[in-house]
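Asker: Sequence isn't available, so here's the structure alone:
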């Protein structure tokens, strides 16, 4: 050790530490990677399951808009299209919102939405995900999107129950968050329609 | 006899007298950022303690081999390695906690508390002593994070560790789980600690009792 | 997201210091004089800009193609630490007055979580190269803004009768809480 010059020793020790670190991490990577990939897959499956009616499997298709998930149910030994899902991304009140959106096969109504990522104001804007102050139905806001019609577009109404089939009720005190959700949906569904032709009819 | 006593103080000092957050103001970033709920604070405290312990173990073992000039670079690599281990562990086995802490787990790398202990303690002391020091500091850190988390969660969400304890009559103080609540709560806690530690006050108390 | 939105969000609405708690250490330690706060802010912004460029290149040209994303934290922090050293040496060689203003703050920057936070957030949000650069600038501007406002308030605080037990770090936290509250008013502008 004493014969080595200081700079050789510096290089040697740092190299050793880095090699050791690389070794530990390479081993750890092989252990954890499959588990992390599994959780991602499960989370995606759960989100798609939440926004689309019951289905047996789904396939993915890459479009210029992004990935579209096509859900298929097997009934009477033949495959039926149940709906399609995709991730809609846009600006919320304070930052980006990522919403999993489910559409009916004919693309005239929503089958459900789920906000996966958001940084809205806790207690107000976060009601787009869950509303703990509503004990009977904490998921009332996202639930209203199930079956809502898309033509001409989804509309938020304030302080009143929706009367038309394309309306949803806004969150009191978080109108911007509510409108952000519908704006993202309206905007991105219009995009999706340009790359994914609607499969009209319930039993196509 | 004297050595066991000093080992004990080595461990105890991090919990109150030299508490990393309250006394030295180290690791404020995670302290403020993740304490909007008690279990987030606990998870962050445990992850930080793990990194602190494993880096201390490695650095105190290698302390005679690492040349003085490149010690910081060496420490940083070691710390970042264990942070990656902790981050991946949470992502693989506790995906929900991992998602709620987000980038604050990797930010343990730059938690001044960890580098500070290596520089001030582990690089100069044996393995046993360094581990005791780190354990004490880690526990001190966990306590502050959990206390802060509990206060903010009770006032901000009416619950502790996710279990609702305050009934419907309680309107949550939203501000407590927002960033301002973090600053205000920590400020008041530091002031309380100052009051508690005030020598003139304890003298008063001494004469009365 | 447009460049303007990214800049505005990082600088004001989701201010690095007051909303994400990144860079709290210098915020508490350095922000006692407006002049040193400005210098610190400039040094951080400068390092952030370089960090945004270099870490983006490392992540997208080395870590992802070679499938070694697990080395992200180790490589980022090493690069940041070396960058800060290089910048310090460079400034010392090139400009003495600049070194005198910024130089003493540079070693503090390595353990400034705002720098690593910047690199992590831009990977997490999948920013393009230009978006990362704009994000770096915005975050630097936001950091400088928070630091300068804080320093201004603390200069005034020296003359104020702060209760005994609140002096020092405690009152800094309380003031920061007030600032964070004020900055929340910008939410909804993006």
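Answerer: Right, received. Where do you want to start? On a predicted model such as this, the values are computed, not experimentally measured, just so you know. Numbering: from 1, shown residues only, chains lettered A, B, ... in the order given.
Asker: ok, the longest helix seen in chain B near chain C or not?
Answerer: For chain B, the helix reaching the highest residue count under DSSP state H is reported as helix B:127-157. No. Against chain C, helix B:127-157 shows no contacts by CB under 8 Å from any CB of the partner chain, the least distance being 11.4 Å. Glycine gets a C-beta too; all of them are placed from N, C-alpha and C.
Asker: Just the buried positions in that helix, please.
Answerer: For helix B:127-157, burial by neighbour count (16 or more other CB atoms under 10 Å in any protein chain shown) applies to B:129-157.
Asker: low pLDDT regions in the chain?
Answerer: Unless you meant another one, I'm taking chain A. Counting by pLDDT under 70, the ranges of chain A that qualify are A:1-3, A:198-204.
Asker: that answer is for a different chain, and I need it for chain B
Answerer: The low-confidence ranges in chain B, as defined by pLDDT under 70, are B:1-5, B:202-209.
Asker: top helix in chain C by residue count?
Answerer: Max-length helix for chain C by DSSP H is helix C:129-157.
Asker: Would you mark the buried spots in it?
Answerer: C:131-151, C:153-154, C:157.
Asker: The lowest-mean-pLDDT helix or strand in chain C - contacts with which helices or strands?
Answerer: The weakest-scoring helix or strand in chain C, judged by mean pLDDT, DSSP states H and E, is helix C:106-109 (a mean of 73). Counting contacts by 3 or more CB pairs under 8 Å, 6 or more residues apart in numbering or on different chains; DSSP states H and E, helix C:106-109 packs against helix C:24-29, helix C:34-58, helix C:72-94.
Asker: Would you format those as CSV with mean pLDDT, distance to residue A:81 and mean neighbour count included?
Answerer: Converted to CSV, those look like this (pLDDT from 0 to 100; distance: least, CB to CB, whole Å; neighbours: other CB atoms under 10 Å in any protein chain shown):
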stretch, mean pLDDT, distance to residue A:81, mean neighbour count
helix C:24-29, 76, 52, 22
helix C:34-58, 89, 40, 21
helix C:72-94, 87, 40, 18
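Asker: Out of those, flag the one nearest chain A.
Answerer: helix C:72-94 (6.1 Å; CB to the nearest CB).
Asker: helix or strand right after that closest one?
Answerer: helix C:96-102 (DSSP states H and E).
Asker: Quick check: which helices or strands does that next one pack against?
Answerer: Helix C:96-102 packs on helix C:34-58, helix C:72-94, going by 3+ CB pairs under 8 Å, 6+ apart.
Asker: how close does residue C:10 sit to residue A:90?
Answerer: 18 Å (CB to CB, to the nearest Å).
Asker: Those two: which has the busier surroundings?
Answerer: residue C:10 (27 against 16; other CB atoms under 10 Å in any protein chain shown).
Asker: quick one: that one and residue C:133 touch, right?
Answerer: No. The pair residue C:10 / residue C:133 is not scored as a contact, 11.5 Å apart, by CB atoms under 8 Å.
Asker: so which strand or helix has residue A:86?
Answerer: Going by DSSP H and E, residue A:86 is part of strand A:78-91.
Asker: With residue A:184 instead?
Answerer: helix A:175-195.
Asker: Residue A:67 too?
Answerer: With DSSP H and E as the test, residue A:67 turns up in strand A:66-75.
Asker: packing partners for that strand?
Answerer: Using 3+ CB pairs under 8 Å, 6+ apart: strand A:66-75 touches strand A:57-63, strand A:78-91.
Asker: And chain C, is the longest one touching that?
Answerer: Yes. Contact of strand A:78-91 with chain C (CB under 8 Å from any CB) involves residue A:91.
Asker: Can you spell out which helices and strands pack onto that strand?
Answerer: Against strand A:78-91 (3+ CB pairs under 8 Å, 6+ apart) you get helix A:6-51, strand A:66-75, strand A:96-103, helix A:175-195.
Asker: Which of the ones you listed has the highest mean neighbour count?
Answerer: strand A:96-103 (a mean of 22; mean count of other CB atoms under 10 Å in any protein chain shown).
Asker: can it be found next to chain C?
Answerer: Yes. Judged by CB under 8 Å from any CB, strand A:96-103 and chain C are in contact via residue A:96.
Asker: Just checking: what are the partner strands of that strand?
Answerer: strand A:78-91 (antiparallel), strand A:110-117 (antiparallel) (DSSP bridges).
Asker: Go through those strands and pick out the most buried.
Answerer: Ranked by mean neighbours (mean count of other CB under 10 Å), those are led by strand A:110-117, with a mean of 21.
Asker: Show me how far that strand is from its chain's centre.
Answerer: Taking CA atoms, centre = their mean, to the nearest Å, one finds strand A:110-117 lying 6 Å from the centre of the chain it belongs to.
Asker: does any part of the helix holding residue A:184 sit near chain C?
Answerer: Yes. With CB under 8 Å from any CB as the criterion, chain C is reached by helix A:175-195 at residue A:176.
Asker: Going by contacts, tell me the helices and strands next to that helix.
Answerer: Checking 3+ CB pairs under 8 Å, 6+ apart, helix A:175-195 ends up next to strand A:78-91, strand A:96-103, strand A:110-117, strand A:155-157.
Asker: switch the cut-off to 7 Å
Answerer: strand A:78-91, strand A:96-103, strand A:155-157 (3 or more CB pairs under 7 Å, 6 or more residues apart in numbering or on different chains; DSSP states H and E).
Asker: Run the angle between the strand holding residue A:67 and strand A:96-103 for me.
Answerer: 30 degrees (axes from the mean of the first three to the mean of the last three CA atoms, to 10 degrees).
Asker: sorry, back to before: which of the helices and strands packed on helix C:96-102 sits closest to residue A:146?
Answerer: helix C:72-94 (39.2 Å; CB to CB).
Asker: Run through who's touching stretch C:24-40.
Answerer: Applying CB atoms under 7 Å, 6 or more residues apart in numbering or on different chains, the contact partners of stretch C:24-40 are B:25, B:28-29, B:32, B:112, C:17, C:101-102, C:105, C:108, C:112, C:146-148, C:150-152, C:154-155, C:169, C:172.
Asker: can we see that at 8 Å?
Answerer: B:25-26, B:28-29, B:32, B:112, C:17, C:44, C:101-102, C:105, C:108, C:111-113, C:144, C:146-148, C:150-152, C:154-155, C:169, C:172, C:176 (CB atoms under 8 Å, 6 or more residues apart in numbering or on different chains).
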